[in-house]
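> Structure, please.
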Amino acid sequence: MERIHFDLAGLLHEAVCEVFETAFFLDLVRREPPELPGMIGPFAISAIIPLAGKFSGFLAMHCSQEFLQRCIRGILPDEDAPNREDCLDAVCEMMNMIAGSMKRRLSSMISLFEIGLPA
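Next up, the predicted model:
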């Protein structure tokens, strides 16, 4: 069996930064996740996207509605305040872009996974 070595956390960080910088014009700072689940509040919006193939699993993202509204306003400044549905659409699209960026970065080594639909 062929072994492939890569820094998954580093690739994910690069993909997330790329998406937020190019699509939402936000510079991110890497920090450790909160120690307690639910630290982003009771109104968190989450999305998961499945990965299937030689590498399988899923990517998950949890954001506050306020953060997602800020992202949306960054690309649609003249729109009304984004509602929860807009935020759900945005987080799913973010997951698509992040998974696609990771796949592109890994494809130079080998095709490891296919991307499913975010939910």
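> The residue positioned nearest the centre of the chain and Asp80: what is the separation?
Nearest to the mean C-alpha position of the chain, by Cα atoms, centre = their mean, lies Met95 at 4.0 Å. From Met95 across to Asp80, the span is 24 Å (Cβ to Cβ, to the nearest Å). Just so you know, the C-beta spots here come from the backbone N, C-alpha and C atoms, and that holds for glycine as well.
> repeat for Ala99
Separation of Ala99 from Asp80 (Cβ to Cβ): 29 Å.
> More neighbours: which of these two?
The neighbour comparison of Ala99 against Asp80 (other Cβ atoms under 10 Å) goes to Ala99, with 23 against 8.
> I'd say that one and Met61 touch.
No: if you go by Cβ atoms under 8 Å, Ala99 and Met61 don't touch, sitting 10.2 Å apart.
> can you list contacts of the lowest-mean-pLDDT helix or strand in the chain?
Least confident element among the helices and strands of the chain, by mean pLDDT, DSSP states H and E: strand 113-115 (a mean of 77). For strand 113-115, contacts defined as Cβ atoms under 8 Å, 6 or more residues apart in numbering pick out 49-56, 96, 99-100, 103, 106.
> Figure out how far the longest helix along the chain is from the centre of its chain.
In terms of residue count, the longest helix belonging to the chain (DSSP state H) is helix 84-107. Offset of helix 84-107 from its chain centre (Cα atoms, centre = their mean, to the nearest Å): 5 Å.
> buried ones in it?
The neighbour-count check on helix 84-107 (16 or more other Cβ atoms under 10 Å) flags 86-88, 90-92, 94-95, 97-99, 101-103, 105-106 as buried.
> Within its sheet, name the partner strands of the lengthiest strand in the chain and how each one runs.
Scanning the chain for the longest strand, with DSSP state E as the assignment, gives strand 44-53. Applying DSSP bridges, strand 44-53 is found paired with strand 57-64 (antiparallel), strand 113-115 (antiparallel).
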